[in-house]
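Peer 1: Here is my input; please provide its structure:
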Amino acid sequence: MTLSPRIWKVILIPFAALALIAPKRPDFPRSSFRLELEGSSLGSFTSLEGPGLAIEIVEFRDGSDPIPRKLPGRTTWSNLTLKRGFVSRSFFETWIHQVREGTPDFRKNLSLLILDGRGAEIARYDLFRCWPASWKLSSPELEGKGTDVVIEEVVIAVERLERS
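Peer 2: Sure, this is the predicted structure:
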């Protein structure tokens with residue numbers, strides 16, 4: 001059975017009208033991330049895990065009260081994991097070598113910038129007494145043929161962070 005164009009209009013016009021008045025989902029721009037050391041860029045990254053913090057829960061009982069009480073304890077900050085396409089020898093390779101060798105002053109204060117799709121800064125975090133805990137290169141299949149991108153991944157240990 002074939003429907004005439006007139007019947008299609010009768011069926012589709014109400015649905016098109018509903019689509020026009022339906023609430024729109026906000027269109028969030030893609031974010032990217034930039035790391036800075038003393039105002040100089042260490043590069044942009046396409047993937048970020050962290051920053052974050054956790055506050056230890058300390059439980060105690062007061063006298064003979066059977067109900068445990070909870071107090072905030074130590075605060076710990078999570079490590080950052082950053083990923084990007086590998087293009088050449090990076091600052092992180094040199095820095096992790098300094099950590100491994102025990103070079104004095106290997107801890108550095110960094111800034112993490114979160115950028116919108118146009119490259120404008122939307123948030124900044126100051127990271128204190130940081131050092132690279134791991135660095136690696138990876139690819140879906142390290143075969144050297146095809147168009148796969150080699151990914152540089154760095155994990156940075158953070159002692160404290162503040163939003164600026």
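Peer 1: For the closest residue to Ser111 other than its chain neighbours, the count of nearby residues, please.
Peer 2: Leaving aside its sequence neighbours, Ser111 sits nearest to Glu36 (CB to CB, 6 or more residues apart in numbering; 4.4 Å). For glycine as for every other residue, the C-beta is placed from the backbone atoms N, C-alpha and C. By other CB atoms under 10 Å, 17 other residues sit near Glu36.
Peer 1: Ok, Arg84 next?
Peer 2: Using other CB under 10 Å, Arg84 is surrounded by 19 other residues.
Peer 1: can I assume the residue nearest to Ser111 sits in a helix?
Peer 2: No - counting by DSSP: H, G, I helix; E, B strand; the rest coil, Glu36 falls outside a helix, being strand.
Peer 1: beta partners for it?
Peer 2: Ser41, Ser111 (DSSP bridges).
Peer 1: Is it correct that it is in contact with Asn109?
Peer 2: No - at 9.8 Å, Glu36 does not count as touching Asn109 under the criterion of CB atoms under 8 Å.
Peer 1: which parts of stretch 107-124 are buried?
Peer 2: Lys108, Leu110, Ser111, Leu112, Leu113, Leu115 (16 or more other CB atoms under 10 Å).
Peer 1: how much space between the residue nearest to Ser111 and Leu71?
Peer 2: Distance, Glu36 to Leu71, using CB to CB, to the nearest Å: 36 Å.
Peer 1: Now do the same contact list for Glu121.
Peer 2: Leu113, Ile114, Leu115 (CB atoms under 8 Å, 6 or more residues apart in numbering).
Peer 1: Verify the stated contact: Val99 with Cys130.
Peer 2: No - the criterion here is CB under 8 Å, and Val99 misses it with Cys130 at 10.4 Å.
Peer 1: So for the two, which residue has more residues nearby?
Peer 2: Comparing Val99 with Cys130 by other CB under 10 Å, the one with more neighbours is Cys130, at 24 against 15.
Peer 1: Please name the residues that touch the more buried one.
Peer 2: So Cys130 contacts Arg107, Lys108, Asn109, Leu110, Ile156, Ala157, Val158, Glu159 (CB under 8 Å, 6+ apart).
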